[in-house]
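Peer 1: got a structure for you, letters missing:
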């Protein structure tokens, strides 16, 4: 904010001296006015009573200023100043504050030029986190010899050499340089900071190894965070075992090149008792991949985070037994086995986050899990091998806001106790199981935001059981057996941004309730029996992904789709649309995917399609389009790197919540422990079905932005293939088969450097296959079958060495391998032939041909005469035909 308003500005601790009744001194008055100016920059109006008017010249009378019992303010005794979180671009003049010990300037917009001078010699705590410092560490910091706590986190101090200057601050107890993007190796001189208790190096780009010697002399360390860097090599965690005061160790992020060993055979038990142990996404304990054994001697743990380490063995429920105050337990993304067993009379009242997803855990969910973990906020057991029914006791978890049991083998009905008891539930994710029964008729999920019941066996009509969930944003009921009509009351959820009802047995028309869903970004009604067309009142202004394929929609392509500024994917394939492609199709300037396959569209391919400059996949196959292929299609991107699509290949939503757990106390603000809640089912990735390499493939997730293609096959297109199509150097797939295209294959096709699939079969192409096409090194599927091509096939090298006879069949004038037709004469003429051999052979051939032709003609003529003689019906029919056309014959 540009200024601080009254009631929200800083509070000052002012220490007053004894100077009788003289009022405040001039330098104190000036100092306060400078402070006011900083707070109000650029146009603020706070502290209006602080002014230069003679009546209020005594600053002891100013608003929020308190003088001592003698009525005198002494800024020279000020010890603590907090102007954090005020969006300041300048800071108060600090030269009049020689006694200042604690200065909080965090979360402003202060740059390095504001930090100059040597007037903070007594400063012990300096917080500059989240400002606009850039490049090198401000030189003034190196002069603060009494500094004990320093926070420079979340600036842009990426000069690694200047970071080494901090090693001179020998009294430092707390150092935070997180979130700066610092490159290079860890400074070895950190080992000299023997008073350090807190060290936060997370969120940078430190490389190389983590030296085991780095912490050898830092005996007072309590907090170490090395998360989100780029370390590699090996790190012996047992080198920390002598740090008796260590409470927190965090090394999370992408550490796939870092080998961490905790099982050193020469090490003893650690001297510390950890509160927080976070170690994820690394190569843990080499080939043994065992869970760190030292954890069996830890009894004060609050957070255990060992995600994505490939740990094998049984699930370590002994960690729960040994640590009764555990708040967060995350072992997702490993290979742990065995049933989940908490033990008799177990109760973990402190547990708030429990995540064992993406493992190999079998068996049933304990039926009393609701009483074992009564205060749980997030429960994720997805992607395991759990079976059995849904535990009714989960309904006792009154503050549970995330429940993800997706991708298991759970079955049975959803218990009513869940739907009525979990009143705080925001996310209910039960995808890819075997749950059955009807849609809940009643629920009390008033806080529900995301509901995923897709790919189960639910049946019956979609009932009104969700009407109390008015805050619903995502609804996925796809891949079930729901029947009946889409309910009109779907319009009672105005916050919906995603609706997926695909692959059910829904029928009827699209309800007008959709017209109330103005925030909708994704709608998937594919593979149902929905008929008629889209309601004209449908507000699609925010629509980005529209899937209506494989229904019974009819009529023209509806005008309600015109001019949509955000539409990325339009899938209308396999319906009964007729008419032509409307001219407004060119107004969909954000469109990346257009799929109109399998309708009854006709007319020419309009030049308006050439305005879709961002298109990556276009499928117009199996329609009745005629005319020629527009040459201007070479203006379309078709695969050129699309950074926008790389970052938006899915709707603008997803599970982005966290649970705050154990808090570490510090003079400076260190990052609290937010445990990210991950769920693979929480984000509806965009998906596209497209034919390439003669297979109908489904592209989604990270693969989709990479794919590109154009399919115009099985229409009635005529004319030649435009040479301009050879300009599509980034396209991956072209299919022009099943048309009436003529002319030759353009030589420019040798420029399709990224092409992987090219199908020109079933046309009337002539001429030779361009020899330079052997330069297409990515070509994996190629066919020109059933044309009128001729000449020698391209040389069998590179990708063309992999194509078989089927790629060329139906072209009788082609020759060369892999066909069994040689391009050379059957036998080679002698080098010195007899003088008359050519003439004699020619005459012999002519005589043989004439006798053969004459004999065949005679036999055929006599056969016709005999047939007419013996068959009176055809004889009369012939005479009738001659008589009727006699006038024409005379002409």
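Peer 2: Perfect, I can see it now. Owing to the predicted nature of the structure, the values given are computational and were not obtained by experimental measurement. Residues are numbered from 1 along each chain as shown.

Peer 1: how many neighbours does the nearest residue to residue 597 once chain neighbours are set aside have?
Peer 2: The spatially closest residue to residue 597, leaving aside those adjacent along the chain, is residue 573, at 3.9 Å (CB to CB, 6 or more residues apart in numbering). All C-beta spots, glycine's among them, are computed from the backbone N, C-alpha and C. For residue 573, the neighbour count with other CB atoms under 10 Å is 24.

Peer 1: Contact partners for residue 778?
Peer 2: Taking CB atoms under 8 Å, 6 or more residues apart in numbering as the criterion, residue 778 is in contact with 732, 753, 754, 755, 756, 799.

Peer 1: Could I get the contacting residues of the second one?
Peer 2: The contact partners of residue 753, taken as CB under 8 Å, 6+ apart, are 729, 730, 775, 776, 777, 778.

Peer 1: again, 6 Å this time
Peer 2: With contacts taken as CB atoms under 6 Å, 6 or more residues apart in numbering, residue 753 has the following neighbours: residue 729.

Peer 1: what residue ranges in the stretch 51-200 of the chain score low on pLDDT?
Peer 2: Across the stretch 51-200 of the chain, residues meeting the criterion (pLDDT under 70) sit at 52-58, 64, 66-75, 92-93, 95-96, 116-119.

Peer 1: still on that earlier bit, thought residue 593 was touching the residue nearest to residue 597, still the case?
Peer 2: No: with contact defined as CB atoms under 6 Å, residue 573 does not count as touching residue 593 (10.8 Å).

Peer 1: Show me where the stretch 201-350 of the chain has its helices.
Peer 2: In the stretch 201-350 of the chain, the segments counted as helices under DSSP state H, counting those that start in this stretch are 318-322.

Peer 1: before we move on, back to that, just to be sure, the residue nearest to residue 597 is in a helix?
Peer 2: No: secondary structure assignment places residue 573 outside any helix; it is coil (DSSP: H, G, I helix; E, B strand; the rest coil).

Peer 1: Distance check, it against residue 618.
Peer 2: 11 Å (CB to CB, to the nearest Å).

Peer 1: so residue 142 sits in a strand?
Peer 2: No: assignment of residue 142 by three-state DSSP gives helix, placing it outside any strand.

Peer 1: burial measure for it, as a count.
Peer 2: By the criterion of other CB under 10 Å, residue 142 has 15 neighbours.

Peer 1: Check the one 10 residues further on too.
Peer 2: Using other CB under 10 Å as the criterion, residue 152 is surrounded by 25 other residues.

Peer 1: Next: residue 404.
Peer 2: By other CB under 10 Å, the residues close to residue 404 number 27.

Peer 1: I'd like the distance between it and residue 122.
Peer 2: Relative to residue 122, and taking CB to CB, residue 404 is found at 53 Å.

Peer 1: what do you get for residue 586?
Peer 2: Following CB to CB, the distance that separates residue 586 from residue 122 is 70 Å.

Peer 1: So for the two, which sits in the more crowded spot?
Peer 2: For residue 586 against residue 122, the residue with the higher neighbour count under other CB under 10 Å is residue 586, and the figures read 18 against 15.

Peer 1: Quick one: residues contacting the more buried one.
Peer 2: The contact partners of residue 586, by CB under 6 Å, 6+ apart, come to 608, 611.

Peer 1: 8 Å - rerun?
Peer 2: Applying CB under 8 Å, 6+ apart to residue 586 gives the contacts 608, 609, 610, 611, 612.

Peer 1: Name the nearest residue to the third one, ignoring sequence neighbours.
Peer 2: In this structure, residue 610 finds its nearest non-sequential neighbour in residue 632, 3.8 Å apart by CB to CB, 6+ apart.

Peer 1: before we move on, what about the last one?
Peer 2: By the measure of CB to CB, 6+ apart, the closest residue to residue 612 outside its immediate chain neighbours is residue 591, 5.4 Å from it.

Peer 1: pLDDT score assigned to the one you found?
Peer 2: Residue-level confidence at residue 591 comes out at 93, pLDDT.

Peer 1: can you check the one 3 residues further on too?
Peer 2: pLDDT, residue 594: 95.

Peer 1: For it, which residues count as its bridge partners?
Peer 2: Listed beta-bridge partners, residue 594: residue 570, residue 618 (assigned using DSSP bridges).

Peer 1: Now for it, how many residues are close by?
Peer 2: The number of residues packed near residue 594 is 22, by other CB under 10 Å.

Peer 1: Enumerate every residue touching it.
Peer 2: Shown in contact with residue 594 (CB under 8 Å, 6+ apart): 570, 585, 588, 609, 612, 615, 617, 618, 619.

Peer 1: and what of residue 122?
Peer 2: With contact taken as CB under 8 Å, 6+ apart, residue 122 is in contact with 98, 99, 100, 101, 146.

Peer 1: Ranking by neighbours, what's the top pick from those residues?
Peer 2: The residue in those with the most neighbours, by other CB under 10 Å, is residue 100 (23 neighbours).

Peer 1: I figured that one hits residue 79, correct?
Peer 2: Yes: A contact is recorded between residue 100 and residue 79 when judged using CB atoms under 8 Å, the distance being 6.4 Å.

Peer 1: Same list as before, the contacts of residue 594 that is, but in a markdown table and with neighbour count included.
Peer 2: Shown next, in a markdown table, are these (neighbours: other CB atoms under 10 Å):
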| residue | neighbour count |
| --- | --- |
| 570 | 22 |
| 585 | 20 |
| 588 | 23 |
| 609 | 20 |
| 612 | 22 |
| 615 | 23 |
| 617 | 26 |
| 618 | 25 |
| 619 | 24 |
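
Peer 1: closest to residue 470 among the residues you listed?
Peer 2: The closest of the contacts of residue 594 to residue 470 turns out to be residue 570 (CB to CB; 29.7 Å).

Peer 1: helix/strand/coil for residue 632?
Peer 2: Reduced to three states with three-state DSSP, the structure at residue 632 is helix.

Peer 1: Can you get me the start-to-end distance on stretch 137-152?
Peer 2: The distance separating the two terminal residues of stretch 137-152, taken as CA to CA, to the nearest Å, comes to 9 Å.

Peer 1: just stretch 465-479 next, same as before
Peer 2: Terminal residues of stretch 465-479 are spaced 19 Å apart (CA to CA).

Peer 1: Buried residues of it, list them for me.
Peer 2: Buried residues in stretch 465-479, defined by neighbour count with 16 or more other CB atoms under 10 Å: 465, 466, 468, 469, 472, 473, 474, 475, 476, 477, 478, 479.

Peer 1: And the strands in the stretch 701-850 of the chain?
Peer 2: When secondary structure is read from DSSP state E, counting those that start in this stretch, the stretch 701-850 of the chain shows strands at 709-711, 716-720, 733-735, 740-742, 757-759, 766-767, 781-783, 788-792, 813-815.

Peer 1: of these, which approaches residue 445 most closely?
Peer 2: Taking CB to CB as the measure, those were each checked against residue 445, and strand 709-711 came out nearest at 42.3 Å.

Peer 1: Provide the strand pairings for the closest one, with the direction of each partner.
Peer 2: Sheet neighbours of strand 709-711, with direction, are listed as strand 617-619 (parallel), strand 733-735 (parallel) (DSSP bridges).

Peer 1: Quick one: distance of it to the chain centre.
Peer 2: In this view, strand 709-711 has its centroid 24 Å away from the chain centroid, taken as CA atoms, centre = their mean, to the nearest Å.

Peer 1: where does the stretch 601-750 of the chain dip in pLDDT?
Peer 2: Counting by pLDDT under 70, the stretch 601-750 of the chain contains low-confidence ranges at 640-665, 667-687, 690, 693-705.

Peer 1: Which stretches in it count as helices?
Peer 2: Assigned by DSSP H, counting those that start in this stretch, the stretch 601-750 of the chain shows helices spanning 643-647.
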